[in-house]
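Engineer: Below are the sequence and a predicted model; questions follow.
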Amino acid sequence: MYPLRNKVDEAYFKSQQAIRNGKPTAWSMLNWWEGDVIMKSMGVEVVYPENYGAVAAATGVAQKYLDLAETDGFPTHMCGYARTNLGYTYRMMKELGGHVPPEAPMGGMPKPDLLIGSGFGCDARFKWFQALSRYIDAPQWVLELPLIGVAEKQAEGVDDYAINFMVRELRDFVAFLENLLQKKMDWDLLEQNAHYTLEINRVFHEINELRKARPCPMHSSDFWSSVTGCLLMLGDPAEILSLYKDMYQEVKERVDNKVAGIYGEEKFRLVFGELPPWHSLKFFERLAERGWNFVKESQSYQPIRPLDLSAVSDPLEKIARISYQFAHARHAQALNNQIYNPVVEIYLEYVREYQSDGIFLHPLLSCRAASSSLKSIQDQAMKRYSVPSLYVEGDIIDIRLFNPEETMARAEAFEESMTYYYKVRQEQGLAW
């Protein structure tokens, strides 16, 4: 986990070095590999403001940027990642004349040469980079990833239509970068990087499959610390793949020797949904001391299931199919189970396959996209599997919205619910 986590630090320092060396840099939204593989193949150094919002929250400096965004008119209920980045950019451009703020963790994010937005996920992501034009003048591209409903996904030809649309969009994106950077795409390198993307996702998926073991060998905090190598394609792909293979061996050794991902006995197995309170991750260490082992989490960050794309010759189609798979892998399963929200279906799968005793649900004031399915997850997990949920309001960035002492008191009481419903499941003949 640690060398993978270090790749985040390296990414910010490399972006600063790139600026000094005249190399193109981009601020990019999380795009589930759709644009990352292309930018990496074009030699663009990329940093991710959403990830940097988490870094700012974890290091305690985010509040300054939230306050600046609110002062400049952005509402407090808007995405915490967006407000952090808008406040950071305001400080860099309006207060410091384009210089990186001295308090910025990991050396900060220098002014980018381009902005890569995304139409996938939520409306805040779509509009946020447009709002950055208040402070910086940089070309912007918005990547499109169709999000098709569970029922609509069953229409004949819909997958081919969506993939063809994405490939056309990606060709336009390549042309945009070629024109902007005045260089041609290295298609062999793009094919190689697409292959690495598949392999990195495959190995990280296999690591997460090992977490089904009892005791679970890997806690959610280790997942959150190591996910960026896969999700954001930070660093050299060959090195990242090698590090995930090392991680697989370590987790496999823990499974073979029945070593838990927490110190002490695994008393309760929990699923976490959806985005964590980045400012208070040490809170989960306190829960771990009580025997809480978080065995699965955050469907937004998970690797895709392995795909065989050996018959696909066009690297842009491979990229399109990788990203499309992330967004639509559970649609047929959701329809068969009469769950018309694929996010709910994903969490029910986690509860069942990882044999969870409870779910820690974290609704966010500033993220409707990550919070809108949580009540349905709570209801369906109890209805189908007699698994209770602890519903704790908070925020990804704003520490003022999370009360650790009150939450700990509720967590201690929740242990009684998990113990009680374990007995209920035994009476119902469920597997755990």
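Structural biologist: Done, it's in.
Engineer: Return the helix or strand of the chain with the lowest mean pLDDT as CSV; C-alpha atoms alone will do.
Structural biologist: When the helices and strands of the chain are scored by mean pLDDT, DSSP states H and E, helix 2-20 comes last with a mean of 82. What follows is helix 2-20, C-alpha atoms only, in CSV (Å, rounded to 0.1, in the frame of the first residue of the first chain):
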residue,chain,number,x,y,z
TYR,A,2,2.7,2.5,1.0
PRO,A,3,4.6,2.7,-2.4
LEU,A,4,1.3,2.9,-4.2
ARG,A,5,0.2,5.8,-1.9
ASN,A,6,3.5,7.5,-2.6
LYS,A,7,2.5,7.8,-6.3
VAL,A,8,0.0,10.5,-5.3
ASP,A,9,2.8,12.7,-3.8
GLU,A,10,5.0,12.1,-6.9
ALA,A,11,2.2,13.2,-9.2
TYR,A,12,2.0,16.7,-7.6
PHE,A,13,5.8,17.2,-7.6
LYS,A,14,6.0,16.0,-11.2
SER,A,15,3.3,18.5,-12.3
GLN,A,16,5.5,21.3,-10.7
GLN,A,17,8.6,20.0,-12.5
ALA,A,18,6.6,19.7,-15.8
ILE,A,19,5.7,23.4,-15.5
ARG,A,20,9.3,24.4,-15.0
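Engineer: Heading C-terminal from it, find the next helix or strand.
Structural biologist: Going down the chain from helix 2-20, the next helix or strand is strand 25-28, by DSSP states H and E.
Engineer: So which residue is smack in the middle of the chain?
Structural biologist: When Cα atoms, centre = their mean is applied to the chain, the residue found nearest the centroid is residue 301 (3.1 Å).
Engineer: Against residue 229, how distant is that residue?
Structural biologist: Taking Cβ to Cβ, to the nearest Å as the measure, residue 301 and residue 229 are separated by 12 Å. Quick note: C-beta positions are derived from backbone N, CA and C, even for glycine.
Engineer: same question, residue 332
Structural biologist: 30 Å.
Engineer: So between the two, which is more surrounded?
Structural biologist: residue 229 (25 against 14; other Cβ atoms under 10 Å).
Engineer: Pull out the buried positions in stretch 226-236.
Structural biologist: Buried positions in stretch 226-236, judged by neighbour count with 16 or more other Cβ atoms under 10 Å: 226, 227, 228, 229, 230, 231, 232, 233, 234, 235.
Engineer: Kindly report the same for stretch 359-376.
Structural biologist: For stretch 359-376, a neighbour-count test (16+ other Cβ under 10 Å) marks 359-367, 369-371, 373-374, 376 as buried.
Engineer: about what we covered before: same list, the buried residues of stretch 226-236, but as JSON lines with pLDDT and secondary structure please.
Structural biologist: Shown next, in JSON lines, are the buried residues of stretch 226-236 (pLDDT from 0 to 100; DSSP: H, G, I helix; E, B strand; the rest coil):
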{"residue": "226", "pLDDT": "93", "secondary structure": "helix"}
{"residue": "227", "pLDDT": "93", "secondary structure": "coil"}
{"residue": "228", "pLDDT": "91", "secondary structure": "helix"}
{"residue": "229", "pLDDT": "91", "secondary structure": "helix"}
{"residue": "230", "pLDDT": "94", "secondary structure": "helix"}
{"residue": "231", "pLDDT": "93", "secondary structure": "helix"}
{"residue": "232", "pLDDT": "89", "secondary structure": "coil"}
{"residue": "233", "pLDDT": "81", "secondary structure": "coil"}
{"residue": "234", "pLDDT": "82", "secondary structure": "coil"}
{"residue": "235", "pLDDT": "83", "secondary structure": "coil"}
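Engineer: Redo those residues as JSON lines? Include distance to residue 242.
Structural biologist: As requested, the buried residues of stretch 226-236 are arranged in JSON lines below (distance: Cβ to Cβ, whole Å):
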{"residue": "226", "distance to residue 242": "14"}
{"residue": "227", "distance to residue 242": "17"}
{"residue": "228", "distance to residue 242": "16"}
{"residue": "229", "distance to residue 242": "10"}
{"residue": "230", "distance to residue 242": "13"}
{"residue": "231", "distance to residue 242": "17"}
{"residue": "232", "distance to residue 242": "17"}
{"residue": "233", "distance to residue 242": "15"}
{"residue": "234", "distance to residue 242": "14"}
{"residue": "235", "distance to residue 242": "10"}
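Engineer: Pick the one among those residues closest to residue 291.
Structural biologist: Nearest to residue 291, judged by Cβ to Cβ, of the buried residues of stretch 226-236 is residue 226 at 22.9 Å.
Engineer: quick one: residue 106 from residue 266, how far?
Structural biologist: From residue 106 to residue 266 the distance is 33 Å (Cβ to Cβ).
Engineer: swap in residue 387?
Structural biologist: To residue 266, residue 387 is 16 Å away according to Cβ to Cβ.
Engineer: Between those two, which has more neighbouring residues?
Structural biologist: Higher neighbour count among residue 387 and residue 266: residue 387, with 29 against 20, using other Cβ under 10 Å.
Engineer: who touches the closest residue to residue 371 other than its chain neighbours in this structure?
Structural biologist: Nearest non-adjacent residue to residue 371, counting by Cβ to Cβ, 6 or more residues apart in numbering: residue 363, 4.2 Å away. Neighbouring residues of residue 363 by Cβ atoms under 8 Å, 6 or more residues apart in numbering: 371, 374, 391, 392, 393, 394.
Engineer: can you rerun that using 7 Å?
Structural biologist: Contact analysis of residue 363 by Cβ atoms under 7 Å, 6 or more residues apart in numbering lists 371, 374, 391, 393.
Engineer: And it, its phi and psi?
Structural biologist: Torsion angles at residue 363 (phi, psi; degrees, to the nearest 10) stand at phi -70, psi 140.
Engineer: re the thing from before, just give me the closest of the contacts of residue 363 to residue 418.
Structural biologist: residue 391 (14.1 Å).
Engineer: In this structure that closest one contacts residue 359, no?
Structural biologist: No - if you go by Cβ atoms under 7 Å, residue 391 and residue 359 don't touch, sitting 8.9 Å apart.
Engineer: for the stretch 251-400 of the chain, what spans make up the helices?
Structural biologist: Ranges of helices within the stretch 251-400 of the chain are 282-289, 315-328, 331-336, 342-353, 368-371, 374-385, based on DSSP state H, counting those that start in this stretch.
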